[in-house]
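>>> test case, fold it:
(2 chains)
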There are 2 protein chains.
Amino acid sequence: MASTMIVVKVGGSAGIQYDLVCEDIATQVQAGRQVILVHGGSHEMDVISEKLGKPPRVLTSPQGYTSRYTDSETLDIFAMVYAGKMNTRIVERLQMRGVNAIGLSGIDGRLLEGPRKATVRAVENGHQIIVRDDYTGKVEKVNTALLRMLLEAGYTPVITPPACSTEGEAINVDGDRAAAMIASAMGARQLVILSNVPGLLRHFPDESTLIPHIRYAELEQSLTFAEGRMKKKVLGASEAIAGGVAQVVFTDARIAQPIQAALDGKGTVIEK
Amino acid sequence: MASTMIVVKVGGSAGIQYDLVCEDIATQVQAGRQVILVHGGSHEMDVISEKLGKPPRVLTSPQGYTSRYTDSETLDIFAMVYAGKMNTRIVERLQMRGVNAIGLSGIDGRLLEGPRKATVRAVENGHQIIVRDDYTGKVEKVNTALLRMLLEAGYTPVITPPACSTEGEAINVDGDRAAAMIASAMGARQLVILSNVPGLLRHFPDESTLIPHIRYAELEQSLTFAEGRMKKKVLGASEAIAGGVAQVVFTDARIAQPIQAALDGKGTVIEK
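Alright, predicted model coming up:
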């Protein structure tokens, strides 16, 4: 089973063509492949947050990773956008194409579980600050029994943050790293990470500097030139391969058949 | 199995105490009962719609039933509020109380399926109008296999509209009537409908005119005095009993242990 299973993460940035992604998922599922889709929603989250008078605030860790400041009110909006609009509309696209998709957030059946961070360290204007009302954490456990049960019954899981804290609270977690955890926990051979760039670029945003192939051992070093959002994707790729996934591919979600392109080795292929 | 199963519908009106409802569900589940929870979100929907600059518009059918005008933009907000915020926060309340809840909208796995209405007739200012861009319909089929699989694996399903049209589109459906369909399709003995009133009132909003018991044969007649939202609850109750549910109880969701109160016969008990 594991050999025909693929985990696909599609980001939430502007420009991503969800119709093309869902069209390709339908093709893959109809060809007998088991697909688990994980999605984001960052662009829509920014738009709706602004409209609701709660503009996004980004925290930058001392190591240079960015994350969304998520107090309780932000988490309400996060649930609305990710688990509500984005998830429902992606499931709808798949249902309309004959795929029996089932949308789940990480709190459903404790699908994605991990500890909530008591405090978050961030750097603002050159000073370290400590944030205490942040509902964020890191996925440490995947409910693989639930996913296997659904896959075996013919459903295609469509998964989104938030995740579930150990205490049962809804928490914001990084989608790329959650997808990496799912791929390794499920024993998937491949993890495809789709976003609005063609792959890992040596000189962002110059697309002619795409790196077609990179070894696991070289990933650490690529963190020095991976820009903002790509940093976490590299981290996710690294964690997936450390967790036993044979291949991670970064590909462009703005093209037709993006998953097939990834399986054909287009984009940035990362292997041990 | 069916004899220990109960379907609970909790409305979305202002004043409903979701903490009390979830506390009681935890008690029922821990006592060995299988519970399926169906929820609404109308009050929150009105609040968020206003904030997003898309104020709610209510359609009144020639028969006097009211429903929300749901164009594509409204459905986005509907998915955000019902499947996003409301569903996530109810699942969270249950998870924090030790119930392994799993949130699903009706489009997930085609849980609640039915035809989308091609046109909706409504009365506005005394004139009949025909609405064509409405994404609404009626649940005709419940994916009982999915619910049974989840219940048998120990999960507590938390279900919300939207439902799934025959073509796979997300459509707005009435929550009370959806709960009635679920109860009859699952062979539940009881359907508990919780709202922000103590039950069916002969003279709304005078709570001293609560009708404690009503026969199925008298339901039709009660439509003459059931106000706005209660009309559809009476219709749902009628459909549930016609579908084989032994007892439907309307109870107050603003009190402690509302489900136990319903099982003890408090509120309005409807039987054949």
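>>> taking chain A, what residue is nearest to chain B?
Residue nearest to chain B within chain A (C-beta to the nearest C-beta): A:G84, separated by 2.1 Å. (Glycine included, C-beta is placed from N, CA and C.)
>>> can you give me the helices for chain A?
A:18-30, A:42-51, A:72-78, A:87-96, A:144-152, A:175-185, A:216-222, A:228-242, A:258-263 (DSSP state H).
>>> which parts of the fifth one are buried?
When burial is assessed from 16 or more other C-beta atoms under 10 Å in any protein chain shown, helix A:144-152 yields the following buried residues: A:146-147, A:149-151.
>>> check A:V248 and give its pLDDT.
Looking at A:V248, its pLDDT stands at 98.
>>> could you do A:S195 as well?
In this prediction, A:S195 carries a pLDDT score of 94.
>>> and it, how far from B:G187?
Distance of A:S195 to B:G187, given as C-beta to C-beta, to the nearest Å: 47 Å.
>>> try A:P258
A:P258 sits 44 Å away from B:G187, taking C-beta to C-beta as the criterion.
>>> restrict stretch A:56-72 to CA atoms and write it as CSV.
Extracted in CSV, the C-alpha atoms of stretch A:56-72 (Å, rounded to 0.1, in the frame of the first residue of the first chain):
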residue,chain,number,x,y,z
PRO,A,56,-1.9,39.7,10.4
ARG,A,57,1.1,40.0,12.6
VAL,A,58,4.2,37.9,11.7
LEU,A,59,6.6,36.7,14.4
THR,A,60,10.3,36.1,13.4
SER,A,61,12.2,33.6,15.5
PRO,A,62,15.8,34.2,16.6
GLN,A,63,16.7,31.6,13.9
GLY,A,64,15.0,33.6,11.2
TYR,A,65,11.9,31.5,10.7
THR,A,66,8.6,33.4,10.4
SER,A,67,5.2,32.4,11.8
ARG,A,68,1.8,33.9,12.3
TYR,A,69,1.0,35.4,15.7
THR,A,70,-2.1,33.4,16.7
ASP,A,71,-4.1,34.6,19.7
SER,A,72,-7.5,33.2,20.3
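>>> before we move on, back to that, the residue of chain A closest to chain B touches B:A79, doesn't it?
Yes - with contact defined as C-beta atoms under 8 Å, A:G84 counts as touching B:A79 (4.8 Å).
>>> residue numbers of the stretch 151-272 of chain A in contact with chain B?
Proximity of the stretch 151-272 of chain A to chain B (C-beta under 8 Å from any C-beta of the partner chain) is limited to residues A:153, A:155, A:162, A:164, A:167-170.
>>> among those, which pair sits farthest apart?
Using C-beta to C-beta, those span at most 30.1 Å, a distance reached by A:A153 and A:E167.
>>> which of A:P258 and B:G187 has more residues huddled nearby?
Using other C-beta atoms under 10 Å in any protein chain shown as the criterion, A:P258 and B:G187 rank with A:P258 on top: 27 against 14.
>>> kindly tell me how buried the nearest residue to A:G98 once chain neighbours are set aside is, as a neighbour count.
Nearest residue to A:G98 in three dimensions, chain neighbours excluded: A:A26, at 6.2 Å (C-beta to C-beta, 6 or more residues apart in numbering or on different chains). Other residues lying near A:A26 total 19 when counted by other C-beta under 10 Å.
>>> shouldn't A:A26 be in contact with A:R97?
Yes - under the criterion of C-beta under 8 Å, A:A26 makes contact with A:R97 at 4.0 Å.
>>> still on that earlier bit, single out the most deeply packed of the helices of chain A.
Mean neighbours per residue, mean count of other C-beta atoms under 10 Å in any protein chain shown, is largest over the helices of chain A for helix A:175-185, with a mean of 26.
>>> that one vs helix A:42-51, what angle?
Orientation check (axes from the mean of the first three to the mean of the last three C-alpha atoms, to 10 degrees): helix A:175-185 against helix A:42-51 gives 140 degrees.
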